[in-house]
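In: Please work out how this folds:
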Amino acid sequence: MMKRVLVISFMTTTIYAGSLFSVGQKNFGFSVGSSTGFGNTYTVVGGNFNYFVMDSLSMGVGYQGWFGHKPRVDEINIPVSYYFQYSPQYYPYIGFRYAHTSVGKYDGGSGYDYNTYGARAGVAMNFGNNSYMSIGWVQDYREKDGISKSEGYPEVSMGIGF
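Out: Now for the predicted structure:
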């Protein structure tokens, strides 16, 4: 029904003395991309906020909206990620996410909601005290009306701190 296309994220990060992945760090991000679903191509716009509750562990909240056609799709997600310091430059990460998606009315039918649970893994590369890039994979699982579906897609993020 819906197919995700690579969405590139650009993040801005507030930096304190220390690592990009230290307690107290905050990430604000936005994303713009496209995706197909319901026979249409949508513009996908999103935003997120993450906070490091302890060294290497971030928790956050995000929103993603699919615009340009009907039905409208809105998603709220809650990610949790843990970064392992492999070296001063490389930080492999694992994470989990929960998302709630609302699909609006379309083709005379009614709208519906569903929940998604997912895992993510990848590596963040530190390019100095104030920039990084991460590349990873997300695997989502959802069930609606007794039908289970699994979907995977790549994720790419770039961060600049100031």
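In: List the buried residues in the helix or strand containing Val80.
Out: When secondary structure is defined by DSSP states H and E, Val80 falls within strand 73-83. Neighbour counts over strand 73-83 (16 or more other C-beta atoms under 10 Å) mark 73, 75, 77, 79-81, 83 as buried. Placement of C-beta: from N, CA and C, glycine included.
In: to the chain's geometric centre, what's the distance from it?
Out: 5 Å (C-alpha atoms, centre = their mean, to the nearest Å).
In: likewise stretch 140-153?
Out: With C-alpha atoms, centre = their mean, you get 17 Å for stretch 140-153.
In: got the buried residues for that stretch?
Out: 140, 142, 153.
In: Next step: those restricted to strands.
Out: Here DSSP state E is the test, and these give 140, 142, 153 as lying in strands.
In: for the buried residues of stretch 140-153, which one is nearest Gly60?
Out: Using C-beta to C-beta, Asp140 is the member of these that sits closest to Gly60, with 16.5 Å.
In: So the closest one sits against Glu151, correct?
Out: Yes - the pair Asp140 / Glu151 is scored as a contact, 5.0 Å apart, by C-beta atoms under 8 Å.
In: circling back: give the partner strands of the strand holding Val80 in its sheet and their orientations.
Out: Strand pairing for strand 73-83, determined by DSSP bridges: strand 57-67 (antiparallel), strand 90-103 (antiparallel).
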